[in-house]
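Visitor: Generate coordinates for the sequence data below:
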Amino acid sequence: QVQLVESGGGLVQAGESLRLTCAVSGRTISRDAMGWFRQAPGKEREFVAAISCRGSSIYYADSVKGRFTISRDNAKNTVYLQMNTLKPTDTAVYYCAADYLRVLGVRTSEYQYDSWGQGTQVTVSS
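Guide: So this is what the prediction gives:
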């Protein structure tokens with residue numbers, strides 16, 4: 001059974017940083033692309049960032065480009081999202097997702113991802 005478990009969320013002030021971690025069990029992610037999505041209250045879930053299976057291809061939403069960094073450690077079966085210069089508009093539940101056997105490139109549609117974590121809350125106060 002594949003499990004994705006996010007951690008690292010919390011309450012911070014605008015301008016501060018957080019690092020989210022997604023630990024995956026039940027499956028080796030070395031041939032999977034991995035993504036982060038978020039959902040704010042009353043809004044649709046949206047793409048944040050994605051990284052290809054070996055880390056050679058990375059893509060960010062315009063809203064986080066230059067502030068967020070996605071990375072992965074396949075030896076630890078873990079994916080990270082470093083979030084700097086956080087804004088109140090970044091407040092959301094953040095989800096980690098796996099796009100199975102996506103050996104080339106990354107995708108940004110949530111419907112193309114196969115497994116999801118339960119999410120971690122990030123709240124940024126002004």
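Visitor: and the residue sitting nearest the centre point of the chain, backbone torsions?
Guide: Centroid-nearest residue in the chain: Trp36, 2.2 Å away (criterion: CA atoms, centre = their mean). When quoted as degrees, to the nearest 10, the phi and psi of Trp36 stand at phi -120, psi 140.
Visitor: Ok, Val106 next?
Guide: Torsion angles, degrees, to the nearest 10, at Val106: phi -140, psi 160.
Visitor: tell me, how many neighbours does the nearest residue to it once chain neighbours are set aside end up with?
Guide: Spatial nearest neighbour of Val106, excluding adjacent residues (CB to CB, 6 or more residues apart in numbering): Ala50 at 3.8 Å. C-beta: built from backbone N, CA, C; applies to glycine. Neighbour count of Ala50, defined by other CB atoms under 10 Å: 26.
Visitor: Point me to the helix or strand that includes Ala50.
Guide: Element membership for Ala50 (DSSP states H and E) is strand 46-51.
Visitor: just checking, what packs against that strand?
Guide: Secondary-structure packing of strand 46-51 (3 or more CB pairs under 8 Å, 6 or more residues apart in numbering; DSSP states H and E): strand 33-39, strand 58-60, strand 68-73, strand 78-83.
Visitor: Can you give me the separation between the residue nearest to Val106 and Ser57?
Guide: 8 Å (CB to CB, to the nearest Å).
Visitor: Can you work out which residues contact both of those two?
Guide: Listed as contacting both Ala50 and Ser57 by CB atoms under 8 Å, 6 or more residues apart in numbering are Val106.
Visitor: Tell me if Cys53 really is in a helix.
Guide: No. Using DSSP: H, G, I helix; E, B strand; the rest coil, the secondary structure at Cys53 is coil, not a helix.
Visitor: got a pLDDT number for it?
Guide: pLDDT, Cys53: 96.
Visitor: which phi and psi does the closest residue to it other than its chain neighbours have?
Guide: The shortest distance from Cys53 to any non-neighbouring residue, by CB to CB, 6+ apart, is to Arg31 (5.1 Å). Backbone torsions of Arg31, given as degrees, to the nearest 10, read phi -120, psi 20.
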